[in-house]
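>>> pasted the sequence and its predicted model underneath.
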Protein chains: 2
Amino acid sequence: MNNNDTPHDEVIAETPYLRLVMRRGWSFVERTTASGVVSIAARTRDDRIVLVEQYRAPVDGNVIELPAGLSGDLADDPDESLETAAKRELLEETGYEAASWRRVIDLVTSSGLTNEVATIFVADDLEKTGTGGGDASEDITVHEVPLDEVDQWLYRAQEAGKLIDSRIYAGLYLLKGTS
Amino acid sequence: MNNNDTPHDEVIAETPYLRLVMRRGWSFVERTTASGVVSIAARTRDDRIVLVEQYRAPVDGNVIELPAGLSGDLADDPDESLETAAKRELLEETGYEAASWRRVIDLVTSSGLTNEVATIFVADDLEKTGTGGGDASEDITVHEVPLDEVDQWLYRAQEAGKLIDSRIYAGLYLLKGTS
């Protein structure tokens, strides 16, 4: 996601995963290890959306999100496509494979402070073929929430102290518009 | 948004607006000048959603977003509430005041790389009382898009090279669910 055509970027600091950059007086972070971000709005055959929950250190709390992950961050497949990454992440995190995949839209997540762009996929016709839960570094809880109860479910999750990721609403909007 | 209860945070670098922090091996950025972020899903009386477009240096392009802004970043009002900030930002950016305000949900924008939380408001019963366009440092174009044409409008905007912010879909989901 680093735009090499943009001149005068100054690197302020770098950690193993993030780079703090100054561009024309504006500072932001970019990922150093990923070429893209994918988020998947996945719907089961009985009309449930598949959500994941995991602890996120930056907010020091548990976050409810669409299944998501990075492309290009694997040493053995640095050129992994977004589509391949989406299929891999859905299976790793939730145990599901989907017969139907649709790439829908690219969304910036917080363009005042990062150049991150997430590509949203809709996955339908799910079949459980794995256990989910994430890779060795992750501890992920899977929630399958009926689409007609999800508003109240998210409200109760927030009341219980959980945090809700913005992209969930992109997923809900897209799924409910194509049911 | 800095959680002072969390021990062992190490500040890696700081710019005028962002701080790069390491927490238990995980790095992220936090804003240094704001206590909160507000985003407003505003609907005109003839069922248009009010969107804003502005250049964002981190993505080096124009982004379509909900009207949004920071609370607590004004020297003359460091304790500004989220509600007051939402009303101020809607008026500054779009020229609209709303008779009906509803605070709906807090959303994390990208909790893998920032602790940012955006509070989403729904604003109804709009009346134009200003010119919009942002404050002295901003150059904002206002778009009023009929809700029943917004999907195609966003698709065409993306095709034209504009970037779409994720929170727009939270706004659309909330507005279409309460029309």
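It's in.
>>> which residues in chain A form strands?
All strands of chain A, identified by DSSP state E, fall at A:10-14, A:18-23, A:26-31, A:36-42, A:48-56, A:61-65, A:68-71, A:96-108, A:117-128, A:141-146, A:163-165.
>>> tell me what the fourth one is packed against?
If I follow you right, that is strand A:36-42. Judged by 3 or more Cβ pairs under 8 Å, 6 or more residues apart in numbering or on different chains; DSSP states H and E, strand A:36-42 is in contact with strand A:48-56, strand A:68-71, helix A:82-94, strand A:96-108, strand A:117-128, helix A:167-176. Every C-beta, even on glycine, is put in place using the N, C-alpha and C of the backbone.
>>> spit out the contact partners of the residue nearest to the spatial centre of chain A.
With distances taken as Cα atoms, centre = their mean, the residue of chain A nearest its centroid is A:Ala68 (2.8 Å). Listed by Cβ atoms under 8 Å, 6 or more residues apart in numbering or on different chains, the contact partners of A:Ala68 are A:Val37, A:Val38, A:Ser39, A:Ile40, A:Val52, A:Glu89, A:Glu93, A:Ala118, A:Arg167.
>>> and A:Thr84, by the same measure?
A:Thr84 sits next to A:Ser71, A:Asp77 when contact means Cβ under 8 Å, 6+ apart.
>>> repeat that for the one 10 residues further on.
Neighbouring residues of A:Thr94 by Cβ under 8 Å, 6+ apart: A:Ala42, A:Val50, A:Val52, A:Pro67, A:Gly132, A:Val142.
>>> same thing with A:Arg19?
Per Cβ under 8 Å, 6+ apart, neighbours of A:Arg19: A:Val11, A:Ala13, A:Val29, A:Glu30, A:Arg31, A:Thr32.
>>> can I get the contacts of A:Thr94 in TSV including pLDDT?
Formatted as TSV, those follow (pLDDT from 0 to 100):
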residue	pLDDT
A:Ala42	98
A:Val50	98
A:Val52	98
A:Pro67	98
A:Gly132	86
A:Val142	97
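>>> just curious, which of those residues is nearest to chain B?
Comparing these against chain B with Cβ to the nearest Cβ places A:Val52 closest, at 12.1 Å.
>>> so what pairs up with the closest one in the strands?
A:Glu65, A:Val142 (DSSP bridges).
>>> any idea how far chain B is from A:Ser71?
14 Å (Cβ to the nearest Cβ, to the nearest Å).
>>> bridge partners for that residue, pull those for me.
With DSSP bridges as the rule, A:Ser71 is bridged to A:Gly36.
>>> where does pLDDT dip in chain A?
Residues of chain A meeting the criterion pLDDT under 70: A:1-7, A:178-179.
>>> can you rerun that using 90?
Low-confidence regions of chain A, defined here as pLDDT under 90, cover residues A:1-8, A:34-35, A:72-80, A:131-138, A:176-179.
>>> mind picking the two most distant members of the contacts of A:Thr94?
A:Ala42 and A:Gly132 (11.2 Å; Cβ to Cβ).
>>> so between those two, which is more surrounded?
A direct count of neighbours by other Cβ atoms under 10 Å in any protein chain shown for A:Ala42 and A:Gly132 places A:Ala42 higher, at 27 against 18.
>>> quick one: residues contacting that one.
Per Cβ under 8 Å, 6+ apart, neighbours of A:Ala42: A:Ile49, A:Val50, A:Leu66, A:Pro67, A:Leu90, A:Thr94, A:Tyr96, A:Ala98, A:Val122, A:Ala123, A:Asp124, A:Leu126.
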